[in-house]
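after the sequence you'll find the predicted model.
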Amino acid sequence: MSLDGTYDPDNIFAKILRAEMPAARVFEDDHVLAFMDVFPQAKGHTLVIPKHSTARNFLDEDPEVIGPLMLGAQRVAKAVRAALNPDGIVITQFNGAPAGQTVFHLHVHIIPRWEGVALGRHGQGMADMEKLKVLAAQIAAKIA
Ligand code: AMP
């Protein structure tokens with residue numbers, strides 16, 4: 001059901017885009033903003049969002065936004081790899097509450113994985129913002 005609905009301009013990510021809420025920012029260009037997930041499922045869990053969008057999910061999005069968003073996600077994922085040297089990286093996104101979506105501004109998750117390290121629970125356990133800023137700076141330094 002929540003696949004459909006009206007975009008809320010006061011959702012958390014819209015507020016982060018307007019700098020009305022703090023975030024450990026990693027990278028931005030004309031099209032995307034990347035920042036650390038504050039409830040990380042793994043060290044280095046990063047989110048990439050379109051900057052000029054009122055799409056709640058992937059299906060709603062203007063096709064012209066998808067290309068730059070995925071290019072941004074790839075660029076950030078490569079920087080995450082270079083900074084943190086994970087064994088694998090999950091790149092995913094959720095559409096609708098039954099699929100696990102909790103914030104209704106389109107976003108892509110970049111989640112580093114290490115052999116033998118279990119994935120944390122989605123949206124559980126708030127990280128320390130100062131530690132997230134250190135990670136954000138490490139990843140930002142590897143953006144190519
Ligand atoms: P989803 O469940 O796919 O909608 O993902 C939303 C993500 O946003 C979750 O992984 C949350 O941990 C994350 N999140 C929620 N609030 C914030 C916030 N203020 N700053 C950064 N990440 C957030």
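Nice, thanks for sending it over. For clarity, every value in this text was computed on a predicted model and none was experimentally measured. Numbers count the residues shown, from 1 in each chain.

quick one: residues in contact with the helix ranked longest in the chain.
Ranked by number of residues, the top helix in the chain under DSSP state H is helix 63-84. Contacts with helix 63-84, where a contact means Cβ atoms under 8 Å, 6 or more residues apart in numbering, come from 26-27, 29-32, 34, 43-44, 46, 48-50, 52-53, 55, 58, 61, 86, 89, 91, 106, 108, 110, 112, 135, 138-144. (Each C-beta comes from the backbone N, C-alpha and C, glycine too.)

show me those residues that map onto strands.
Within those, residues falling in strands by DSSP state E are 26-27, 32, 34, 46, 48-50, 89, 91, 108, 110, 112.

show me which pair in the residues you listed is furthest apart.
Pairwise distances across the ones in strands among the contacts of helix 63-84 (Cβ to Cβ) peak at 22.1 Å, for the pair 50 and 112.

so what's the residue count around the residue in the chain that the ligand sits nearest to?
Residue of the chain nearest the ligand, by Cβ to the nearest ligand atom: residue 39 (3.2 Å). Per other Cβ atoms under 10 Å, the neighbour tally for residue 39 reads 14.

wait, it touches residue 125, no?
Yes - using Cβ atoms under 8 Å, residue 39 is in contact with residue 125, at 6.0 Å.

re earlier: can you redo the ones in strands among the contacts of helix 63-84 as JSON lines with distance to the ligand and pLDDT?
Formatted as JSON lines, the ones in strands among the contacts of helix 63-84 follow (distance: Cβ to the nearest ligand atom, whole Å; pLDDT from 0 to 100):
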{"residue": "26", "distance to the ligand": "11", "pLDDT": "98"}
{"residue": "27", "distance to the ligand": "14", "pLDDT": "97"}
{"residue": "32", "distance to the ligand": "15", "pLDDT": "98"}
{"residue": "34", "distance to the ligand": "11", "pLDDT": "98"}
{"residue": "46", "distance to the ligand": "10", "pLDDT": "98"}
{"residue": "48", "distance to the ligand": "11", "pLDDT": "99"}
{"residue": "49", "distance to the ligand": "10", "pLDDT": "98"}
{"residue": "50", "distance to the ligand": "14", "pLDDT": "98"}
{"residue": "89", "distance to the ligand": "15", "pLDDT": "98"}
{"residue": "91", "distance to the ligand": "12", "pLDDT": "98"}
{"residue": "108", "distance to the ligand": "9", "pLDDT": "98"}
{"residue": "110", "distance to the ligand": "11", "pLDDT": "98"}
{"residue": "112", "distance to the ligand": "14", "pLDDT": "98"}
